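Here is a sequence together with a model predicted from it:
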Amino acid sequence: MVELEIAAPLTSRTSRHGDDFPIRLAAPIVVDGVELVPAGATGMGEVVHGARSRMGGGAGELTLAVRYLDHAGTRIPLHRLRYFQAGRSNEHAAAAVMMTPYVGLVGLLITGREVRVPEGTIVQAQVAADTALAPPTP
């Protein structure tokens, strides 16, 4: 497992399937007491699914995956980040939809909440495959 930091703010309002976002290694990768990759190594993640909140109280949705870290010219593949967060539905929207015959279409304009992932959010993932790295310099 590696600890990563989401390096840009993400929101279900603006993020769409296929969008890339930057990540950083939050804690060094250490094997047998030797630091192989220092904290701060950068990489990329990808938005797997993004949907804005919807009329009628539907919450926003955001599903993220991490793809790789770059270190000294080597790409380290990552996987197993199934980061999914859904925004909260607007409780009043269900009532508004039920009341539509009485209050008109205005009730359908109520939306759920958007998902926000702030910059600096810490997540974990796994290295996807054995990767040959240059030995650290003393």
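That came through fine. Residues are numbered from 1 along each chain as shown.

Okay, strands next: where are they in this structure?
For the chain, the strands defined by DSSP state E occupy 2-6, 10-11, 20-25, 29-31, 34-37, 42-51, 61-71, 74-79, 83-86, 116-117, 122-127.

Those strands: which one's closest to A134?
Evaluated over the strands of the chain, closeness to A134 peaks at strand 74-79, with 7.5 Å, by CB to CB. Every residue, glycine included, has its C-beta placed from N, CA and C.

contacts for that closest one?
By CB atoms under 8 Å, 6 or more residues apart in numbering, the surrounding residues in contact with strand 74-79 are 2, 4, 37, 43, 65-70, 125-129, 131-134.

Listing partners with orientation, what would you give for it?
Using DSSP bridges, the strands paired with strand 74-79 in its sheet are strand 61-71 (antiparallel), strand 122-127 (antiparallel).

to the chain's geometric centre, what's the distance from the longest one?
Centroid displacement of strand 61-71 relative to its chain, using CA atoms, centre = their mean, to the nearest Å, is 7 Å.

got the strands paired with strand 74-79 as a markdown table, with distance to H49 columns?
Formatted as a markdown table, the strands paired with strand 74-79 follow (distance: least, CB to CB, whole Å):
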| stretch | distance to H49 |
| --- | --- |
| strand 61-71 | 4 |
| strand 122-127 | 16 |
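
Of all these, which one comes closest to D20?
Of the strands paired with strand 74-79, nearest to D20 by CB to CB is strand 61-71, at 8.0 Å.

Next, the angle from that closest one to strand 2-6.
Angle of strand 61-71 versus strand 2-6, following axes from the mean of the first three to the mean of the last three CA atoms, to 10 degrees, is 120 degrees.

tally of neighbours for the nearest residue to L62 once chain neighbours are set aside?
Of all residues not flanking L62 in the chain, V115 sits nearest, at 4.1 Å (CB to CB, 6 or more residues apart in numbering). V115: 24 surrounding residues under other CB atoms under 10 Å.

just to revisit the earlier point, if any of the contacts of strand 74-79 are buried, put those into a PyMOL selection.
Buried residues among the contacts of strand 74-79 (16 or more other CB atoms under 10 Å), as a PyMOL selection:
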select buried, resi 2+4+37+43+65+66+67+68+69+125+127+131
